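>>> Structural data only, the sequence is not supplied:
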């Protein structure tokens, strides 16, 4: 049997690219996301391209009861995941905190922190019990370097980083590994989501710089989870060539 990976946020961006990269490494996939139509298309494409088994679940990680239901079904059917990729996350807006919409603040907290924490909590006991598995949490350089207009988003990604560090301590007597992936400027639908569908404004974020692509991050994730049992890569920071720290970039 192939090992399997459970991936949230699996229908676009880094989540989708990671699904394809792990499929190419002969992982079966259990993919979760909110859009069922996109999930069905991803399943068809990856199974056709890679020949691995792909199972999909509709899941909004803001929904605590849905997390319980889906993860329970997954554990009953497949057992503990060999790789858990917590990719689901988002940013909303780029205005000063005093002008931030409260609903945007709560959506970022509920998705980036609570959702990631609860999905991990649902799977981790089984991973520790079976003494196997690798948790890969998608952080961001925003969790290391704050930038203007992103106080809440940066705080959520800082939480992912320190949460992962705490997890690594909690499971260190086992063979479960914990990695935080912290990308910089990656050209994905991220900015379009941040700006509530404003495609012109989203495109301006990547203008004048050779931004990272989702596949670049997926390649790193595939490498990290393929290391020998003795090797645990705790953190990876990945930035575009013309990116200094966080939101500091040189544009042509």
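Nice, I can see it. Bear in mind that the values here come from a model prediction, so they are computed numbers and not experimental data.
>>> Near the nearest residue to residue 5 once chain neighbours are set aside, how many residues? Count them for me, please.
Of all residues not flanking residue 5 in the chain, residue 83 sits nearest, at 3.9 Å (Cβ to Cβ, 6 or more residues apart in numbering). From N, CA and C alone the C-beta is placed, and that goes for glycine too. Other residues near residue 83 come to 25 when the count uses other Cβ atoms under 10 Å.
>>> Who are the contact partners of residue 83?
3-6, 22, 27, 133-134, 136, 225 (Cβ atoms under 8 Å, 6 or more residues apart in numbering).
>>> Repeat that for residue 238.
Residue 238 touches 181-184, 212, 216-217, 220, counting by Cβ under 8 Å, 6+ apart.
>>> quick one: pLDDT of the most centrally placed residue in the chain?
In the chain, the centroid-proximal residue (Cα atoms, centre = their mean) is residue 87; its distance is 1.5 Å. Residue 87 carries a pLDDT score of 98 in this model.
>>> One more: residue 40?
98.
>>> Pull up the gap between it and residue 29, please.
14 Å (Cβ to Cβ, to the nearest Å).
>>> Same drill for those two, tell me which one is more crowded.
residue 29 (27 against 12).
>>> helix/strand/coil for that one?
The assignment at residue 29 comes out as strand when based on DSSP: H, G, I helix; E, B strand; the rest coil.
>>> Pretty sure it sits against residue 47.
No: using Cβ atoms under 8 Å, residue 29 makes no contact with residue 47, being 9.0 Å away.
>>> Now the common contact residues for these two.
53-54.
>>> coming back round to it: looking at the contacts of residue 83, spot the one nearest residue 69.
Lowest distance from residue 69 to these (Cβ to Cβ) belongs to residue 6, with 14.2 Å.
>>> Distance of the nearest residue to residue 247 once chain neighbours are set aside relative to residue 225?
In space, and not counting its chain neighbours, residue 247 is closest to residue 147: 3.6 Å by Cβ to Cβ, 6+ apart. Counting by Cβ to Cβ, the gap between residue 147 and residue 225 amounts to 29 Å.
>>> Next: residue 236.
Between residue 236 and residue 225 the computed distance is 12 Å (Cβ to Cβ).
>>> More neighbours: these two, which one.
Higher neighbour count among residue 236 and residue 225: residue 225, with 24 against 17, using other Cβ under 10 Å.
>>> on that earlier part again, of all pairs in the contacts of residue 238, which one is the farthest apart?
Largest separation among these by Cβ to Cβ: 182 and 216, giving 13.1 Å.
>>> quick one: which of those two has more around it?
Taking other Cβ under 10 Å, residue 182 and residue 216 do not tie; residue 182 has more neighbours (23 against 16).
>>> Which of the residues in the helix or strand containing the more buried one are classified as buried?
Assessed by DSSP states H and E, residue 182 sits inside strand 177-183. Under the neighbour-count criterion of 16 or more other Cβ atoms under 10 Å, strand 177-183 has 177-183 buried.
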